[in-house]
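> Whatever this is, show me its structure:
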Amino acid sequence: MSESINSQILSLRAQLEEHNYQYYVMDNPSVPDVEYDRLMRELIALETAHPELLTADSPSQKVGGEALGKFEQVQHQVPMLSLDNAFDDTEFVAFNRRIKERLITSEELEFCCEPKLDGLAVSILYRDGVLVQAATRGDGQVGENITENVKTIRNIPLRLRGDDIPQELEVRGEVFMDSAGFERLNETAAAKGEKTFANPRNAAAGSLRQLDSKITAKRPLMFYAYSLGIVQGVELPNEHFSQLKKLIEWGFPMCPETRLVTGTQSVLAYYNDILERRADLAYEIDGVVIKVNNKAYQEQLGFVARAPRWAIAFKFPAQEEITQLLDVEFQVGRTGAITPVARLEPVFVGGVTVSNATLHNRDEIERLGVKIGDTVIVRRAGDVIPQVTQVVLERRPDDAKEITFPSLCPVCKSHVERVEGEAVTRCTGGLVCQAQRKQAIKHFASRKALDIDGLGDKIVEQLVDRELIHTPADLFILKQGHFESLERMGPKSAKNLVEALDAAKITTLAKFLYALGIREVGEATAQNLANHFLTLENVMTASVEALQEVSDVGVIVAKHLHAFFAEPHNQEVVSALLAVGLTWPAIERKSEQQQPLAGLTYVLTGTLNQLNRNDAKARLQALGAKVSGSVSKNTHALVAGEKAGSKLTKAQELGIDVLDEDALIALFAEHE
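Okay, the predicted model is just below:
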């Protein structure tokens, strides 16, 4: 036996035990889940290769950590085991194959599928229909008595509904905090000057394990049931999904995304569908849980030391990873906002390699306590810009350096200012600042704005650097020769760009408003402004109160709009744009019923390559459509991008029209 292998195993066990303690006992995860999973898989692989080194107290044989002594301990009559993980299609297919081999069957199996909620597993015991005890999972054998706290969770019944009440019933599920509740909790804490929570899971853990249940009662906790433990005095169905439906009859909430599917391909379709909609769900998840539906099969398959053979957690690509912060640079945006950007040791997270992440602002740097040289946790979820969320303080090097926020703009050296009530620090240079000028003109020419074909970022930067343009209006007075003088720009390309600029003069009021780059005025807001006010003059002269009458325009956006058009320089730019010939068709006022898609329901699924999903949704809504998250007989059309999942199958079964992305773009072109 190699001493190095034994030392490696002991080191992995020590690391995992410490992470278990921080996660389960202290409610303070010390590493992201992906790092924990990696260490556990490495330990299991070594112990499998060297079974003589496997011991009963190894973390690979346990579920979690010890229960806190502050709470009364509860012995689980039926252990609350963990689940094995699958990290890709191949591993899930292998799981399915193992099950079939044990069952000696070639038939497609039925599976109950549900999102893997990021909360805390609990056991709730009822006697004669009355809630008498609730406990955390703890180490799987012994948990903590949190009965009084669980009783405060509003969607957990204190007494069961119905007539066929069992003598004893143990319900298991997840206590969690949805995204909206988490945001409200942190906003309230910040307003009181209290410490905020890092994420919904930490918030749920900290709320559920309060010694004072009055505090728990004020927290927005929720519960979804997902299985049963002890059951006495009632006969249950022999299918897992049917048992869940029975729980609903007794008054328990079940995750609305739970589905019953048959076969491997249907499971993979479910996985891809939930993954696609992950960012739109009301709660955080990190995968889906797949369970064999037939209870007799479950009993036949049995358990291994720490997990059932009949269930698996099919994990999503990690949204968090651990890496090193190498440096911090400060970028200036088109509105003058100065954003600290972390330069990172490249790391694969959220499906892409990330080397930069936002640190947001000065307040966030102070909150994190981050320094250059620190080991940090970086998060990338969906289309969200990667961000640093936590510092691993125990790995801080001795030579870590403080991050100094600039007092002068890093581009134009103008003074920076921070307006009271705002977190953002801004350059005061305006269009004198080349960075703001460049970004403003790039935005003006972008696809969603004036869509000037051929006017790329590099060309804009050369034009500004050579002082050929100072505002977007200057673009339209340039001649072919100006463009020919630029690097990598021949006569043909220059001629095409002049023609593209001429074609871009005919636009829409909504696109013109969006192209101006007014703070917090996106495509949908610009469209709503155009539909409401009909003319540019009406928008420019509207009061803050009148602007707030527009859909999706609150007081902050209204003030940004009013301030923008009150600024003399901006008035000059608008006048110059109109003077060089920008124009658009007149808009006729339409009632809500007259909107082209009024009364029609659309559903989006799959990956869109040309459109941003949120923008597509907003543009459909601006045309009067309702955008739903699920397909039904009332759906008018399904927009299906790449890797469309179960929604596409259901739409085809119901005979609902299916549009691809090109058809959706054509629909917008027809009506906008």
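
> quick one: furthest residue from the center of the chain?
Gly481 (47.2 Å; Cα atoms, centre = their mean).

> sec struct for that residue, please.
The three-state label given to Gly481 by DSSP: H, G, I helix; E, B strand; the rest coil is helix.

> OK, contacts around it?
Contact analysis of Gly481 by Cβ atoms under 8 Å, 6 or more residues apart in numbering lists Ala494. (Glycine included, C-beta is placed from N, CA and C.)

> Distance check, it against Glu499.
Using Cβ to Cβ, to the nearest Å, Gly481 is found at 15 Å from Glu499.

> same question, Arg184
Arg184 is 53 Å from Glu499, by Cβ to Cβ.

> can you tell me the helix or strand for Glu366?
Using DSSP states H and E, Glu366 maps to helix 362-368.

> neighbouring contacts of that helix?
Outside helix 362-368, the residues within contact range by Cβ under 8 Å, 6+ apart are 340, 359, 388-391, 403, 405, 418, 423, 425.

> residues touching Ala473, list them.
Contacts of Ala473 (Cβ under 8 Å, 6+ apart): 573, 576-577, 579-580.

> what would these look like in CSV with pLDDT, secondary structure and distance to Pro79?
What follows is those, written out as CSV (pLDDT from 0 to 100; DSSP: H, G, I helix; E, B strand; the rest coil; distance: Cβ to Cβ, whole Å):
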residue, pLDDT, secondary structure, distance to Pro79
Val573, 90, helix, 69
Ala576, 94, helix, 74
Leu577, 96, helix, 70
Ala579, 96, helix, 77
Val580, 96, coil, 75
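
> Sheet partners, orientation included, of the following helix or strand past the helix holding Glu366?
Scanning forward in sequence from helix 362-368 by DSSP H and E, the next helix or strand is strand 375-379. Strand 375-379 sits in its sheet next to strand 320-332 (antiparallel), strand 387-391 (antiparallel), going by DSSP bridges.

> Please name every helix or strand in contact with the helix or strand just after the first one.
Beyond strand 320-332 on the C-terminal side, the first helix or strand identified by DSSP H and E is strand 338-349. When contacts are defined as 3 or more Cβ pairs under 8 Å, 6 or more residues apart in numbering; DSSP states H and E, strand 338-349 sits against strand 320-332, strand 352-358, strand 375-379.

> most neighbours per residue, which of the ones you listed?
Of all the helices and strands packed on strand 338-349, strand 375-379 carries the top mean neighbour count, a mean of 22, counting by mean count of other Cβ atoms under 10 Å.

> Distance from the chain centre to it, please.
Once both centres are worked out by Cα atoms, centre = their mean, to the nearest Å, strand 375-379 turns out to sit 16 Å from its chain's centre.

> Please enumerate residues in contact with that strand?
Residues outside strand 375-379 that contact it (Cβ under 8 Å, 6+ apart): 31-32, 319-325, 342, 344, 347, 349-350, 354, 357, 370, 386-392, 395-396.

> pLDDT score for the spatially most central residue of the chain?
The residue lying closest to the centre of the chain (Cα atoms, centre = their mean) is Ala279, at 3.9 Å. Per-residue pLDDT puts Ala279 at 81.

> same deal with the one 3 residues further on?
Looking at Ala282, its pLDDT is 89.

> can you check Gly351 too?
Gly351 carries a pLDDT score of 73 in this model.

> where do the helices sit along the stretch 451-600 of the chain?
Using DSSP state H, counting those that start in this stretch, the helices found in the stretch 451-600 of the chain span residues 457-465, 480-484, 491-504, 509-515, 523-533, 536-541, 544-547, 555-566, 568-579.

> quick one: buried residues of the second one?
The reference is to helix 480-484. 480, 482-483 (16 or more other Cβ atoms under 10 Å).

> Just give me the closest of those residues to Gly430.
His482 (24.2 Å; Cβ to Cβ).

> Not counting sequence-adjacent ones, nearest residue to that closest one?
Nearest non-adjacent residue to His482, counting by Cβ to Cβ, 6 or more residues apart in numbering: Leu468, 5.8 Å away.

> next one: Leu326
Distances taken as Cβ to Cβ, 6+ apart put Arg343 closest to Leu326, at 4.8 Å, once the chain neighbours are dropped.

> Roughly how far does that neighbour sit from Gln324?
Relative to Gln324, Arg343 is positioned 10 Å away (Cβ to Cβ).

> that older thread, of all the helices of the stretch 451-600 of the chain, which one is nearest Gln232?
helix 523-533 (55.4 Å).

> report the angle between the axes of the helix or strand of the chain with the lowest mean pLDDT and helix 523-533?
The weakest-scoring helix or strand in the chain, judged by mean pLDDT, DSSP states H and E, is helix 613-622 (a mean of 77). Per axes from the mean of the first three to the mean of the last three Cα atoms, to 10 degrees, the angle that helix 613-622 makes with helix 523-533 is 20 degrees.

> Pull out the buried positions in whichever helix or strand comes after helix 613-622.
Next in sequence after helix 613-622, counting helices and strands by DSSP H and E, comes strand 626-628. Under the neighbour-count criterion of 16+ other Cβ under 10 Å, strand 626-628 has Lys626 buried.

> Centre of the chain to strand 626-628, how far?
20 Å.

> counting contacts, what elements does whichever helix or strand comes after it pack onto?
Counting by DSSP H and E, the next helix or strand C-terminal to strand 626-628 is strand 637-640. When contacts are defined as 3+ Cβ pairs under 8 Å, 6+ apart, strand 637-640 sits against strand 601-605, helix 646-654, strand 657-659, helix 661-671.

> Could I get the contacting residues of the closest residue to Leu600 other than its chain neighbours?
Using Cβ to Cβ, 6+ apart and skipping the chain neighbours, the partner closest in space to Leu600 is His636 (4.0 Å). Going by Cβ under 8 Å, 6+ apart, His636 touches 600-602, 625, 656-657.

> of all those, which two lie farthest apart?
Ala625 and Ile656 (14.2 Å).

> rewinding a little: how near is the residue farthest from the centre of the chain to Leu497?
For Gly481 relative to Leu497 (Cβ to Cβ), the value is 12 Å.

> swap in Gly143?
Taking Cβ to Cβ, one finds Gly143 at 68 Å from Leu497.

> same deal with Pro79?
70 Å.

> of those two, who's got more company?
Leu497 (24 against 16; other Cβ atoms under 10 Å).

> That one contacts Gly456, doesn't it?
No: Leu497 sits out of contact with Gly456 when judged by Cβ atoms under 8 Å, with a separation of 9.8 Å.

> Domain map for the protein?
Segmentation of the chain into domains, based on automatic domain parsing, reads 3-61, 85-315, 320-405, 430-504, 509-579, 592-671.

> Show me the one of those that comes nearest Lys70.
Closest among those, using Cβ to Cβ: domain 85-315, at 6.4 Å.

> pretty sure the residue nearest to the centre of the chain is in a helix, no?
Yes: assigned with three-state DSSP, Ala279 falls within a helix.
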